[in-house]
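[1] my questions are about this predicted structure, shown below with the sequence.
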Amino acid sequence: MVAHHTHVYRRVVREIAQATVKPRLARNKDIASNFRVLFAQSGQSEDVQHFQHDMQNALTFLRSQREYKALLERYNPLVDLTAEERIEATARRVGLNMPKMHAPDSRDT
């Protein structure tokens, strides 16, 4: 049972690492440490099957969120743009260019 516990723990930690975009040293250590505490406390619990089921659900959720984010970036590239950038990108998509906005403090002659 401990080997299965370790296997699930490693899978959860790997999935958290794959979901982050920050380098390893800049990641938030609290998430991994909280999972470590959960797994350490689960060894003392009588309801190991329920805990294993919950951790499998957490693992499935983390994997699904990572895949959802990848699909969203792939098929909806405008999702992370500001409103102004989204309008420009949409105009370019249909073959138009947005006019340059006049800045009152600039001195173009």
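    Great, that's in hand.
[2] any idea which helix or strand carries the closest residue to V13 other than its chain neighbours?
    Spatial nearest neighbour of V13, excluding adjacent residues (C-beta to C-beta, 6 or more residues apart in numbering): A32 at 5.8 Å. Just so you know, the C-beta spots here come from the backbone N, C-alpha and C atoms, and that holds for glycine as well. According to DSSP states H and E, A32 maps onto helix 29-42.
[3] after that helix, next one along is what?
    helix 48-75.
[4] quick one: that next one to chain centroid distance?
    11 Å (C-alpha atoms, centre = their mean, to the nearest Å).
[5] let me know the angle separating that helix from helix 29-42.
    Computed by axes from the mean of the first three to the mean of the last three C-alpha atoms, to 10 degrees, the angle separating helix 48-75 from helix 29-42 equals 160 degrees.
[6] numbering from 866 from now on, please.
    I'll keep to 866 as the first residue from here, and by that count the last item is helix 913-940.
[7] which elements pack onto helix 913-940?
    helix 867-884, helix 894-907 (3 or more C-beta pairs under 8 Å, 6 or more residues apart in numbering; DSSP states H and E).
[8] so which of those is nearest R951?
    Closest to R951 of the helices and strands packed on helix 913-940, according to C-beta to C-beta: helix 867-884, at 25.1 Å.
[9] which ones are touching the residue most central in space within the chain?
    Residue closest to the average C-alpha location in the chain (C-alpha atoms, centre = their mean): A884, at 4.7 Å. Residues in contact with A884, defined by C-beta atoms under 8 Å, 6 or more residues apart in numbering, are 927, 930-931, 934.
[10] 7 Å instead, please
    Contact analysis of A884 by C-beta atoms under 7 Å, 6 or more residues apart in numbering lists 927, 930-931.
[11] which of these count as buried?
    In the contacts of A884, burial by neighbour count holds for L927, counting by 16 or more other C-beta atoms under 10 Å.
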